[in-house]
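S.K.: Could you work out the structure for the sequence below:
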Amino acid sequence: MINLEATTKLSQEEVIDRLKRYFGKGGLGLKITDETPQCLNFEGGGGYVNATICLEEGKTRLNLVTQEWDYQAKKFISDLP
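M.R.: Numbering: from 1, shown residues only. Below is the predicted model:
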């Protein structure tokens, strides 16, 4: 299990959209098990990805906690503008 955090200039909605496309259907194929405006939980492949998104000083802060999807979570974070 790892815990990653990043800040991006993308809006909260853009981050959520990217998370869904990358980890969800059409991407890695994980199933969304819980969704709120600030939180997305994905499960599949024997692991999970929990994303928490919040606005902070004009930017969006993203926190990812993952098990079995460490490489993919690091890749997602590294591709954020």
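
S.K.: What separation is there between the residue of the chain most remote from its centre and Thr7?
M.R.: Going by C-alpha atoms, centre = their mean, the residue of the chain most distant from its centre is Glu57, 19.8 Å out. Between Glu57 and Thr7 the computed distance is 9 Å (C-beta to C-beta, to the nearest Å). Where you see a C-beta, it was placed from the backbone N, CA and C, and this is true even at glycine.

S.K.: And stretch 22-39, how far out from the chain middle?
M.R.: On the basis of C-alpha atoms, centre = their mean, to the nearest Å, stretch 22-39 sits 8 Å off its chain's mean C-alpha point.

S.K.: Give me the buried positions along it.
M.R.: Tyr22, Phe23, Gly24, Leu28, Leu30 (16 or more other C-beta atoms under 10 Å).

S.K.: Could you do stretch 50-61 as well?
M.R.: For stretch 50-61, by 16+ other C-beta under 10 Å, it's Asn50, Ala51, Ile53, Thr60, Arg61.

S.K.: what does stretch 9-19 give?
M.R.: Leu10, Gln12, Val15, Ile16, Arg18, Leu19.

S.K.: Using TSV, please lay out these together with secondary structure, pLDDT and distance to Trp69.
M.R.: Below are the buried residues of stretch 9-19 laid out as TSV (DSSP: H, G, I helix; E, B strand; the rest coil; pLDDT from 0 to 100; distance: C-beta to C-beta, whole Å):
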residue	secondary structure	pLDDT	distance to Trp69
Leu10	coil	97	20
Gln12	helix	94	22
Val15	helix	97	17
Ile16	helix	96	17
Arg18	helix	97	15
Leu19	helix	98	12
